[in-house]
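Peer 1: Show me how the following folds:
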Amino acid sequence: MTLLESLRQYTTVVADTGDIEAIAQHCPQDATTNPSLLFQAAQMLAYRHLVEEATEVASEVGGTQQRMAEEFIDRLFVLFGSEILTVVPGRVSTEVPASLSFDTTGTLAKARKLISLYEEKGFSRDRILIKIASTWEGVRAAEVLELEGIHCNLTLLFSFAQAVACAQAGVTLISPFVGRISDWYRKEHGGAEIAPDQDPGVASVTRIYNYYKKFGYKTQVMGASFRNVNQIVRLAGCDLLTISPELLNQLENTEGTVKRELDQVKARESKEPRLHLDEKTFRWLHNEDAMATEKLAEGIRKFNSDAQHLQQFALARVAETIG
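Peer 2: Below is the predicted model:
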């Protein structure tokens, strides 16, 4: 048995890539995408037809170059997502722009548009997760969307306060960033390696998982942003884990078995008290976590920078069409 086969006994495996061929190779249940992954995939010859289709539709919509570029990006996300949905049996996560991280109204509008485009392609909203940053504004948007039957994946999640707020809002899924949490603590300790059994990213996800299961929240936990196989196997039993093709390859090519680390029975033994967060309490608790405050702000900037690269690509495509 391989580590990947063993892991699948306890956890739903998700592919973290926009490369449809890589997804097909590893047969994950779900897949996640983001602007950086799609920008890389859009450069590949295999997906040129999707780029051309998005360009054609954006040209038909017309308007300013900026308006056409925005349409191009929306269509490209949905075209890639639709292709992925023909390969995976489950869901695909499609991201709302990071520039809307503090805009509840804008997030709602973008999410509804993306869902309508998927439905035009014949995919039900049950197979789509709208990916939103775990800001207070993002959580409020997700709360409304969930009531409309639009399922959400709250990303850039670093603090316990963010996780509690997401559970209270009834979101479908959260994506705590294991690797980025560990990166911050390693840097704080002068770059020294952290013992595997003391990994702060793994500890963060374990705490959230135990809290959710202890109090019966429906929100699922999907560990994300892994740096190595060890972080993955130490979260065996987590609801879902989204893993890059490189680490999926390592898991698939390594013989061995994985021990279940997280389970609902052990979670009920957690001593964590139940929290009820309003906006002021959320902002205070999140602010008290220096790592989470820094990594959320940095993550939004990075996601926005990735989106800018995709937008420049879109503007170039639009300019070629007009020319």
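
Peer 1: Paired strands for the host helix or strand of I132, with orientation please.
Peer 2: I132 belongs to strand 128-133 when assigned by DSSP states H and E. Its sheet considered, strand 128-133 pairs with strand 92-95 (parallel), strand 152-157 (parallel) by DSSP bridges.

Peer 1: Pick the most buried one from those.
Peer 2: Burial of the strands paired with strand 128-133 is given as mean neighbour count (mean count of other C-beta atoms under 10 Å); strand 152-157 ranks first at a mean of 29. Any C-beta I mention is one placed from the backbone N, CA and C, and that applies to glycine too.

Peer 1: downstream neighbour of that strand in the secondary structure list?
Peer 2: For strand 152-157, the following helix or strand on the C-terminal side (DSSP H and E) is helix 160-168.

Peer 1: Could you pull up the mean pLDDT of that following helix?
Peer 2: The average pLDDT for helix 160-168 rounds to 98.

Peer 1: just checking, next helix/strand downstream of it?
Peer 2: Using DSSP H and E, the helix or strand that follows helix 160-168 towards the C-terminus is strand 173-176.

Peer 1: Can you give me the neighbour number for P89?
Peer 2: Applying other C-beta atoms under 10 Å, we find 10 residues neighbouring P89.

Peer 1: Please tell me how far it sits from I115.
Peer 2: Applying C-beta to C-beta, to the nearest Å, the value for P89 to I115 is 20 Å.

Peer 1: swap in T32?
Peer 2: In terms of C-beta to C-beta, T32 sits 17 Å off from I115.

Peer 1: higher neighbour count, these two?
Peer 2: Set side by side, T32 and I115 show more neighbours around T32, with 27 against 22, by other C-beta under 10 Å.

Peer 1: Quick check, central residue of this protein?
Peer 2: Using C-alpha atoms, centre = their mean, the residue of the chain that lies closest to the mean C-alpha position is T155, 5.0 Å off.

Peer 1: Quick check, it in contact with L129.
Peer 2: No. Contact criterion C-beta atoms under 8 Å: T155 and L129 do not qualify, at 9.8 Å.
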